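[1] Need coordinates for the following:
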Amino acid sequence: MPPQPQKPSFFQRPVSALLILPSLAILFNIAFLKGGFWGDDFFFLNLINNDSQSIAWWRGLWSAENFTGFEYIWWKDADWSAYFWRPLPSLIIQGSIKLFGENPFPLHLLSLLLHAGVTTGLYLLVRRLSGRHGLAFLAALFFVACEDHAFTVSWISTITDLFCVQFIILALLLHAQWLRQRRPMTMAGSLLALILALASKETALAAPVAMILMSLFFPTGAEDDRSESTIGRVKLKRFFGDRMGWLPPVLVLIAYVIFYRTVVTGDMKTLLYIDPLTQPVAYLVHLVWYFPIMWLATFSHAPPFLPIFFPGLIAPYVVVGVVTILLGLTALWPFRSRPLALWAFGVYLTALLPQLCTDASERNLYFPMVAACILIALVASSIGPIARRMLPGHPLRPRWTRLMGWAAIVLVLIPGILVSTARPWAMLPSLARDEKDLMTALPYIQQNQPEHTLILNASSSFVALYAYYILDYHTEHPQKIWLLSGASGVFSLERTGDSSFVIRTDRHGWIDSWFARVMRTNEDLYAGRTYITPAFTATLAKMTEDGRDALEVRFDLNYPLDYPGWLFLRWNGTAFEPLSIAAMGIGESVELADTSDLWKLMMRTE
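    Residues are numbered from 1 along each chain as shown. The predicted structure follows:
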């Protein structure tokens, strides 16, 4: 009597993945259910409360032409604009507020569910393409254990990434199913999911390329043991002959670009982003510098945001990133003939390119990590204990690849699980810190009801963008809240006249930091340049040695310093408090605060 096949254990069955993976995604980030509105969330609360009628539903909140609060940042260039077409997440946010009021809990819950859906979708996609439960589970496990996702899941305004990637994975799953069965309804569903992804965020520009590459490497919707990835003349001829495999996503992509450029009017004019179509040279230079940083952040625990706060780290990050690229390519070389590896590598590069229009950050890794985790799982699956269970009968991979597989498990996966468990809880105080700091200014604004509030210095760089929106959200009447400096450093103030004073800092970062550059459109800075606002005129009085930033700015007010409509607030290191500049003698100076210790500021929880 022939031996009976052994029944697979619970962990060898797909149901285990469908239970474990989404549960981990939720458990790792469940702390955010206790969260409120943070950062960019206040931009959109302001729009919904004060100017929602001016925004067409099919354009979305991100298409607003006038962000009121930015008018109170004096270094904002007149031609500044930031315009995105993201109607789907806009409708969800507006709908939630209409149904549940300004309650962040439903939107945080939705973010967790979407993240769980992306994690589960990655498992289903890899299982569909490879036919291997273990490999798919490992890829999704690496994804859910990536601590960088905490930022994307935590902010309500970053729900754009979650919706986008959820629909991208759905489009890829349906496209793989169409390649297998060739049913028109499956193709229609895939294209609909693609359109919904494009309506969520521009990241989805990479999705049509992923679908085209899928048609090239998986013409039947999956690989098998006989799959070969060598792109020869016969294979290319078959690919191009199968027009329905690549033409529909191409047409959707072309239609989207034309629609974006013609119907959805609006320009992107900010130093934060580089347009590769109009600034190809600048984009390529930026790519050369930041691609190694993003690669390093993808395949290690190096935080991609650190060079934003510490520009001196850019060069070391690039050097280590280049080394990591060489190590990674060497480890992946034995998989060069496997369709899944080449498809994932192509999708990773394609997904990363749009993100390199700006500086490196955790948020920009969300979609690239989907493909990267497939590559990491392939390398990790080469080590003996995993290979014997997941890939029986496959050839033994080279020793270097197996060593990198162990490194992926020991240095990436295990620490990732531990950090992902703790990081959201550690993030909660820091996410709420800026609002907590600014709330110390609120009693003075409510008590004095000033015509103009001038915040002389800030508790952190984040306040440069969010001061107006957070304070305006917590006051009953519209406010005129001006931010004069929002950088980290040692700031001081000197009274220079009856209606003027000078603010000085000891270092770079005032109007050329990452946060300050958001509001700028050109690099034209020089001593003597003036910025005229309805309340004052700001003049750059002294520049840094490289001429890229200001060390001293003179503020000439439209009214005397003792005008009762002024409220001057300074950050003293622990709270905002009024400063009576009119009571100071001409030529008298006062130190505002020392916020130069960035590590201390980032770790501060009180």
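
[2] doesn't Ala136 make contact with Ala17?
    Yes: Ala17 lies in contact with Ala136 (CB atoms under 8 Å); the separation is 7.0 Å. C-beta: built from backbone N, CA, C; applies to glycine.

[3] Name the surrounding residues that touch stretch 306-318.
    With contacts defined as CB atoms under 8 Å, 6 or more residues apart in numbering, stretch 306-318 is touched by Trp289, Pro292, Ile293, Leu296, Ala302, Asp359, Ala360, Ser361, Ser461, Trp514, Leu598, Met602.

[4] Could you identify the most distant pair in these?
    The largest separation in the contacts of stretch 306-318, counting by CB to CB, is between Pro292 and Ser461 at 24.6 Å.

[5] Ala17 and Ala136: who's more crowded?
    The neighbour comparison of Ala17 against Ala136 (other CB atoms under 10 Å) goes to Ala136, with 25 against 22.

[6] quick one: that one is in a strand?
    No: using DSSP: H, G, I helix; E, B strand; the rest coil, the secondary structure at Ala136 is helix, not a strand.

[7] Identify the contacts common to Ala17 and Ala136.
    Tyr123, Arg127.

[8] Can you show me the helices along the stretch 351-500 of the chain?
    All helices of the stretch 351-500 of the chain, identified by DSSP state H, counting those that start in this stretch, fall at 366-380, 384-390, 399-407, 414-439, 442-448, 463-473.

[9] Adding mean pLDDT and distance to Leu313, write those helices out as JSON lines.
    Formatted as JSON lines, these follow (pLDDT from 0 to 100; distance: least, CB to CB, whole Å):
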{"stretch": "helix 366-380", "mean pLDDT": "97", "distance to Leu313": "21"}
{"stretch": "helix 384-390", "mean pLDDT": "74", "distance to Leu313": "34"}
{"stretch": "helix 399-407", "mean pLDDT": "93", "distance to Leu313": "23"}
{"stretch": "helix 414-439", "mean pLDDT": "93", "distance to Leu313": "20"}
{"stretch": "helix 442-448", "mean pLDDT": "94", "distance to Leu313": "36"}
{"stretch": "helix 463-473", "mean pLDDT": "88", "distance to Leu313": "21"}
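
[10] right, so of the ones you listed, which gets closest to Asn66?
    With CB to CB, the closest approach to Asn66 among these belongs to helix 463-473: 13.1 Å.

[11] tell me what the one helix or strand Leu91 maps to is packed against?
    If you go by DSSP states H and E, Leu91 is part of helix 87-100. Secondary-structure packing of helix 87-100 (3 or more CB pairs under 8 Å, 6 or more residues apart in numbering; DSSP states H and E): helix 41-50, helix 105-130, helix 159-181.

[12] pLDDT weak spots in the protein?
    For the chain, residues meeting the criterion pLDDT under 70 lie at 1-12, 52-54, 224-234, 265-267, 389-396, 599-606.

[13] if we can go back for a sec, just the helices of the stretch 351-500 of the chain: most buried one?
    For the helices of the stretch 351-500 of the chain, average neighbour numbers computed from mean count of other CB atoms under 10 Å are highest in helix 366-380, which has a mean of 27.

[14] Can you check what angle separates that one from helix 399-407?
    120 degrees (axes from the mean of the first three to the mean of the last three CA atoms, to 10 degrees).

[15] helices and strands around helix 366-380, which ones?
    Packing contacts for helix 366-380, counted by 3+ CB pairs under 8 Å, 6+ apart, involve helix 105-130, helix 133-144, helix 149-154, helix 159-181, helix 280-298, helix 314-332, helix 339-355, helix 399-407.

[16] quick one: the residue positioned nearest the centre of the chain and Glu71, what's the gap?
    Centrality entry for the chain: nearest residue to the mean C-alpha point is Arg363, 2.4 Å, by CA atoms, centre = their mean. Distance of Arg363 to Glu71, computed by CB to CB, to the nearest Å: 26 Å.

[17] Then Leu47?
    Taking CB to CB, one finds Leu47 at 14 Å from Glu71.

[18] returning to what we had before: now the helices and strands packed on helix 366-380 in JSON lines, with distance to Met584?
    Putting those into JSON lines (distance: least, CB to CB, whole Å) gives the following:
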{"stretch": "helix 105-130", "distance to Met584": "46"}
{"stretch": "helix 133-144", "distance to Met584": "56"}
{"stretch": "helix 149-154", "distance to Met584": "42"}
{"stretch": "helix 159-181", "distance to Met584": "47"}
{"stretch": "helix 280-298", "distance to Met584": "44"}
{"stretch": "helix 314-332", "distance to Met584": "40"}
{"stretch": "helix 339-355", "distance to Met584": "48"}
{"stretch": "helix 399-407", "distance to Met584": "60"}
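
[19] For Arg86, find the nearest of the ones you listed.
    Among those, helix 159-181 sits nearest to Arg86 (CB to CB), with 5.4 Å.

[20] what's the offset of that closest one from the middle of its chain?
    A distance of 20 Å separates the centroid of the chain from that of helix 159-181, by CA atoms, centre = their mean, to the nearest Å.

[21] That one: what's the following helix or strand?
    Next helix or strand after helix 159-181 toward the C-terminus (DSSP H and E): helix 184-198.

[22] Hmm, Leu162 and the residue nearest to the centre of the chain touching each other?
    No: Arg363 lies out of contact with Leu162 (CB under 8 Å); the separation is 10.6 Å.
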